[in-house]
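*Asks:* 3D, please:
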Amino acid sequence: MFKKRKSRYYIQIQLKSYYNNIIMGVMYSMPSYNFHQLQDRMKKQGNELILINTLPLTRQDCLIKGTLKAFIEVEYMNKLLKTNKNKEIIVYGIHHTDTSVIQKYNQLKKLGFTNVHIYFGGMYEWLLLQEVFDTTNFQTDGMIKNIVDYKIE
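*Replies:* Below you'll find the predicted structure:
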């Protein structure tokens, strides 16, 4: 008896699907938003939404509009711990490979916050979208001279 061989194309698709599931499972096992979802949340919730960044202190001059500045974050979050742990919090970093957002997400979850999400695109994606489209849909609270400063290194 001859065994029926699977086509090479079928095997490639199976492998691709397997590896995508592994990558997706690791990277997106936390609640996350893409930029469309983030814009939608910002429009619907406005000031009720808490945006936290993980950018270095030297890069706090240009953030997504409404983001807590790093120097007031601890005090604000301590107040929130006592009053409302269910408030929606979105964490973002410098770009999509910035792992500090995952550390911040885990820290907030351990503190007891229940509604925490990650915007993996980060400041770099937001600034690129601002450059391509306009500043009304991708608002920031400052200006930068060079987007390349936020690129992946």
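
*Asks:* pLDDT score assigned to the residue lying closest to residue 62 once chain neighbours are set aside?
*Replies:* Computed as C-beta to C-beta, 6 or more residues apart in numbering, the closest residue to residue 62 that is not its neighbour in sequence is residue 142, at 3.7 Å. The C-beta positions use only the backbone N, C-alpha and C, and glycine is treated the same way. With respect to pLDDT, residue 142 scores 85.

*Asks:* quick check: residue 142 vs residue 55, distance?
*Replies:* Residue 142 sits 12 Å away from residue 55, going by C-beta to C-beta, to the nearest Å.

*Asks:* name the residue in the two with the higher neighbour count.
*Replies:* residue 55 (20 against 10; other C-beta atoms under 10 Å).

*Asks:* the more buried one - that's part of a strand, no?
*Replies:* No - judged by DSSP: H, G, I helix; E, B strand; the rest coil, residue 55 forms no part of a strand; its state is coil.

*Asks:* how far away is it from residue 43?
*Replies:* From residue 55 to residue 43 the distance is 23 Å (C-beta to C-beta).

*Asks:* ok now stretch 58-71, how far from the chain's centre?
*Replies:* 14 Å (C-alpha atoms, centre = their mean, to the nearest Å).

*Asks:* any buried residues in that stretch, and which?
*Replies:* Within stretch 58-71, the residues that count as buried by 16 or more other C-beta atoms under 10 Å are 59-60, 62-64, 66-68, 70.

*Asks:* same question, stretch 106-118
*Replies:* 108, 113, 116-118.

*Asks:* pLDDT of that stretch, averaged?
*Replies:* Stretch 106-118 comes out at a mean pLDDT of 95.

*Asks:* just to revisit the earlier point, overlap in contacts of residue 142 and residue 55?
*Replies:* Here residue 142 and residue 55 have residue 63 as joint contacts, going by C-beta atoms under 8 Å, 6 or more residues apart in numbering.

*Asks:* related to what we said a few turns ago, Throw the buried residues of stretch 106-118 into JSON lines and include distance to residue 96 and secondary structure, thanks.
*Replies:* Converted to JSON lines, the buried residues of stretch 106-118 look like this (distance: C-beta to C-beta, whole Å; DSSP: H, G, I helix; E, B strand; the rest coil):
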{"residue": "108", "distance to residue 96": "20", "secondary structure": "helix"}
{"residue": "113", "distance to residue 96": "23", "secondary structure": "coil"}
{"residue": "116", "distance to residue 96": "18", "secondary structure": "strand"}
{"residue": "117", "distance to residue 96": "15", "secondary structure": "strand"}
{"residue": "118", "distance to residue 96": "10", "secondary structure": "strand"}
